[in-house]
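# quick one: sequence and predicted model below, then my questions.
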Number of protein chains: 2
Amino acid sequence: MRPPLPADMFDEVCPSSLNPIRFGDKWAALVIRCLEHGPRRFSELRVPLHRVTPKVLTRSLRSLERDGLIRRTAQPPRVEYELTPVGRSLLEPIAVACAWTDRHWDALLDARESYDAAARRATGRIASPSAGSRA
Amino acid sequence: MRPPLPADMFDEVCPSSLNPIRFGDKWAALVIRCLEHGPRRFSELRVPLHRVTPKVLTRSLRSLERDGLIRRTAQPPRVEYELTPVGRSLLEPIAVACAWTDRHWDALLDARESYDAAARRATGRIASPSAGSRA
DNA sequence: CAGCATCCTACCTGATACTG
DNA sequence: CAGTATCAGGTAGGATGCTG
């Protein structure tokens, strides 16, 4: 049998609003990568995605299913999710996005920091929300 | 001089919430593509992006600037926006995303339609928001 | 020309608690 | 196990009108 998904599969700053590249909703790309090596059950997905609530994960899964990117099969009490061919084809753009992020993540962090610092100097300390987590 | 940006540069269903791949906010990818061949002024951008209000376009530009993806230069009354090297590097993932969308757009449309149709049959006609526009 | 101010709506996301 | 229900906050997007 395939190994279970590791709880630390994703960085704790992941997903991130800082990452300009997004696939579907906040968790969609992570879900797709979880399904890369075969079908997974709801509770299996919750291990690496331990920071998402069941409600939100359900909505993300429904949305992916609606778009034909994953398929849900229920033979109670088992429910499994797997990639469709179209969903699997998203792995390539996702990989490209990840590669881009790896190369430019630090530049992005620096740019934001100096922009916000300049804005603070100009306005006398206003706003500037905290950085998010990673994709 | 470079030709002005055509008003019909983007499809009228573009950007789209249907497209699962997004770059920054709703208009960011379009802005970046507008800047591909050199700097553009605010009002130049408004031609192909005629469906975005000035407020929203401004916010999108500020956000891209904050992330170091574009650079804003003002020598009044001229204001120009141009891609930074990091911003330009996004053109490649964007192209990959566009290629993916071209290949799978129809499948996405069909999947949503049949999912919503099945949902209507199951629940007796509830919900199902209209499709969005394209990315 | 290149925005800003104001108001408003919808959606996304999450916390918490509960269930067939 | 695989969700659903409820409540609440924050942000994105847009309409409209005004300005240095």
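Good, I have the coordinates.
# make it CA atoms for all contacts and neighbour counts henceforth
Noted.
# for stretch A:31-41, give me every contacting residue.
Contacts to stretch A:31-41, defined as C-alpha atoms under 8 Å, 6 or more residues apart in numbering or on different chains, come from residues A:5, A:45, A:61, A:78, A:79, A:80, A:81, A:82, A:83, A:87, A:88, A:91.
# for it, buried residues please.
Residues A:31, A:32, A:33, A:34, A:35, A:39, A:40, A:41 are the ones in stretch A:31-41 that count as buried (16 or more other C-alpha atoms under 10 Å in any protein chain shown).
# what about residue A:73, how many neighbours?
The tally of other residues near residue A:73 (other C-alpha atoms under 10 Å in any protein chain shown) stands at 13.
# equivalent analysis for the one 10 residues further on, please.
With neighbours defined by other C-alpha under 10 Å, the count for residue A:83 comes to 26.
# and it, bridged to which residues?
Beta bridges link residue A:83 to residue A:70 when assigned by DSSP bridges.
# just the buried positions in the lengthiest helix in chain A, please.
Longest helix in chain A, counting residues (DSSP state H): helix A:91-123. Buried positions in helix A:91-123, judged by neighbour count with 16+ other C-alpha under 10 Å: A:93-94, A:96-98, A:100-101, A:104-105, A:108-109, A:111-113, A:115-116, A:119.
# just to revisit the earlier point, from the contacts of stretch A:31-41, pick the one nearest residue A:25.
Minimum distance to residue A:25 across the contacts of stretch A:31-41 is 10.0 Å, recorded for residue A:61 (C-alpha to C-alpha).
# what sits against that closest one?
A:28, A:31, A:70.
# still on that earlier bit, which ones among the buried residues of stretch A:31-41 are found in strands?
Among the buried residues of stretch A:31-41, the ones falling in strands (DSSP state E) are A:40, A:41.
# now, which of the buried residues of stretch A:31-41 sits nearest residue A:56?
Once C-alpha to C-alpha is applied, the member of the buried residues of stretch A:31-41 that ends up nearest residue A:56 is residue A:31, at 11.9 Å.
# state the distance from that closest one to DNA strand D.
Per C-alpha to the nearest atom of the strand, to the nearest Å, residue A:31 is found 13 Å from DNA strand D.
# also residue A:75?
When residue A:75 is compared with DNA strand D (using C-alpha to the nearest atom of the strand), they lie 9 Å apart.
# what do you get for residue A:121?
Residue A:121 is 21 Å from DNA strand D, by C-alpha to the nearest atom of the strand.
# model confidence score at that residue, please.
The per-residue pLDDT reported for residue A:121 equals 83.
# what packs against the lowest-mean-pLDDT helix or strand in chain A?
Ranked by mean pLDDT, DSSP states H and E, the weakest helix or strand in chain A is helix A:91-123, scoring a mean of 94. If contacts are counted by 3 or more C-alpha pairs under 8 Å, 6 or more residues apart in numbering or on different chains; DSSP states H and E, helix A:91-123 sits against helix A:28-34, helix B:54-66, helix B:91-123.
# just the angle between it and helix B:54-66, please?
Computed by axes from the mean of the first three to the mean of the last three C-alpha atoms, to 10 degrees, the angle separating helix A:91-123 from helix B:54-66 equals 100 degrees.
# how about helix A:91-123 and DNA strand C, any contact?
No - on the criterion C-alpha under 7 Å from any atom of the strand, helix A:91-123 is out of touch with DNA strand C, staying 11.9 Å away.
# and that helix, how far out from the chain's middle?
17 Å (C-alpha atoms, centre = their mean, to the nearest Å).
# what does stretch A:37-48 give?
The chain centroid and the centroid of stretch A:37-48 are separated by 14 Å under C-alpha atoms, centre = their mean.
# again, but for stretch A:52-64
Centre to centre, stretch against its chain (C-alpha atoms, centre = their mean), the figure for stretch A:52-64 is 12 Å.
# number of nearby residues for residue A:20?
Residues near residue A:20, counting by other C-alpha under 10 Å: 20.
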